[in-house]
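Enquirer: Here's a sequence, model it:
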Amino acid sequence: MSKKRYISTIFWRDDYIYNLDPSEKLLFLYLISNPDTNISGIYQIPPKIIAADTGLDIDMITKILERFTTDGKILYKDGWMAVCNFIKHQGFNNPNVRKGIEREFTNKPPELLEFINITQDFQSLSRLASKSKSKSKSKSKSELNKNSKFTPPTLEEAQQYCTDNNLSADCALFIKYYSANDWKDSTDKPVKNWKLKLITWHNKSGKKQFKAEDLEKLDGWN
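Expert: Here you go, the predicted model:
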């Protein structure tokens, strides 16, 4: 069944999209508008289908998806795609849209639900992700409890993560900022994954100099 995806014209002037090369722009646009998408932003799609639809070769697709993953824009695992910030472009404040999104979360991989939970301001996601995790046979209860505990990184851990992932960020300022806020984000919600926050910090600080209190106020696909 055909579906409609409405793309705002501001897409082409978004800071992140603007700095992509033509192949990357094409692939990002494809990820948010291809026939397999749904309003949850989580869907299955194999590389060979992406290649057939876009005309890009699989090696190029793999390379671009790795960049999007490093930049915190997507999570692609075992043929499942999760697109950051997809939900907020679907008008999820509409009750009917929210119900539709919740239905789409059924039987989705817990790791992708967790990624969406971290990157979206959608209140029911924590509950849905928890339900999905409880049904997963791949993790024991002790593993779930362990994963639910957040431990702030040391300066050395943050710096090592930047080194391993080619990130450029002031780790000392990053830790100082979140420590001062008791490791809560701009919506006063506890940080669950400091690595994704550090990736976001890298993306934003790379564009211009920000005051610490402004670092989490950017919008768009960032």
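Enquirer: if I look at the residue nearest the centre of the chain, how far off is Asp57?
Expert: Within the chain, one residue has its C-alpha closest to the average C-alpha position: by CA atoms, centre = their mean, that is Cys84, at 3.4 Å. Using CB to CB, to the nearest Å, Cys84 is found at 25 Å from Asp57. For every residue, glycine as well, the C-beta is placed using N, CA and C.
Enquirer: One more: Ser186?
Expert: From Ser186 to Asp57 the distance is 40 Å (CB to CB).
Enquirer: do Lys99 as well
Expert: Taken as CB to CB, the span from Lys99 to Asp57 is 40 Å.
Enquirer: what does Phe86 give?
Expert: 25 Å.
Enquirer: Over to Ile87?
Expert: With distances taken as CB to CB, Ile87 is found 31 Å from Asp57.
Enquirer: okay, the two: which has more neighbours?
Expert: Taking neighbours as other CB atoms under 10 Å, Ile87 and Asp57 compare with Ile87 leading, 23 against 11.
Enquirer: So that one sits against Gly41, correct?
Expert: Yes: between Ile87 and Gly41 there is a contact at 5.5 Å, judged by CB atoms under 8 Å.
Enquirer: which residues are in contact with both of the two?
Expert: Ile116 (CB atoms under 8 Å, 6 or more residues apart in numbering).
Enquirer: Sketch out the helices for this protein, chain order is fine.
Expert: Under the criterion DSSP state H, the chain contains helices at 15-18, 22-31, 47-54, 58-70, 95-104, 110-119, 125-135, 141-148, 155-164, 171-180, 194-205.
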